[in-house]
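Trainee: Attaching a predicted model along with its sequence, questions to come.
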Amino acid sequence: MIQDLVLALRLQALDRKIAALEAEIATLPKHIAEIEKRLEAHSRRLEADRSALTANQRERKKLEGDKPLIKTVRGVGYQFVRSPEEGVAA
């Protein structure tokens with residue numbers, strides 16, 4: 001009789017664990033959809049940023065012509081130079 005109670009308690013614990021896992025599984029599609037939605041938004045933002053970067057690079061080349069007057073300084077940004085030689089040396 002006591003052994004039957006022990007088995008019933010184990011069965012009850014397993015049933016609770018199964019119910020908790022089923023509830024967790026039920027939330028996964030919503031969670032995945034949220035992640036995919038955020039990924040899509042970030043992908044669109046990345047594409048827009050890449051387009052802006054390309055446009056800026058084209059505009060920079062037009063403005064510079066053959067003589068670069070803007071020097072890229074790693075970790076800082078951009079720096080205007082007085083002569084084309086200054087821009088090429090860096």
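Mentor: Looks like it arrived, so ask away. The structure displayed is predicted, hence computed values, not measured ones.

Trainee: quick one: low-confidence parts of this structure?
Mentor: Applying pLDDT under 70 to the chain flags the ranges 66-68, 83-90.

Trainee: now the helices: where do they sit in it?
Mentor: For the chain, the helices defined by DSSP state H occupy 2-64, 84-89.

Trainee: so which of the ones you listed gets nearest Thr72?
Mentor: Nearest to Thr72 among the helices of the chain is helix 84-89 (9.2 Å), distances taken as C-beta to C-beta. C-beta: built from backbone N, CA, C; applies to glycine.

Trainee: ok, Ser43 to Pro29 distance?
Mentor: From Ser43 across to Pro29, the span is 21 Å (C-beta to C-beta, to the nearest Å).

Trainee: now Leu69
Mentor: With C-beta to C-beta as the criterion, Leu69 and Pro29 are 55 Å apart.

Trainee: For those two, indicate the residue with more neighbours.
Mentor: The residue with more neighbours, out of Leu69 and Pro29, is Leu69; 16 against 9, by other C-beta atoms under 10 Å.

Trainee: So the residue minimising distance to the centre of the chain versus Ala48, what's the distance?
Mentor: By C-alpha atoms, centre = their mean, the mean C-alpha position of the chain lies nearest to His42, the distance being 6.3 Å. According to C-beta to C-beta, His42 stands 11 Å off from Ala48.

Trainee: And for Arg10?
Mentor: 57 Å.

Trainee: One more: Phe80?
Mentor: In terms of C-beta to C-beta, Phe80 sits 27 Å off from Ala48.

Trainee: Check Ala20 too.
Mentor: On the measure of C-beta to C-beta, Ala20 and Ala48 end up 42 Å apart.

Trainee: cool, Gln57 as well?
Mentor: From Gln57 to Ala48 the distance is 15 Å (C-beta to C-beta).

Trainee: Ok, Ala41 next?
Mentor: 11 Å.

Trainee: again, but for Lys17
Mentor: In terms of C-beta to C-beta, Lys17 sits 46 Å off from Ala48.

Trainee: got it, and Ala13?
Mentor: Relative to Ala48, and taking C-beta to C-beta, Ala13 is found at 52 Å.
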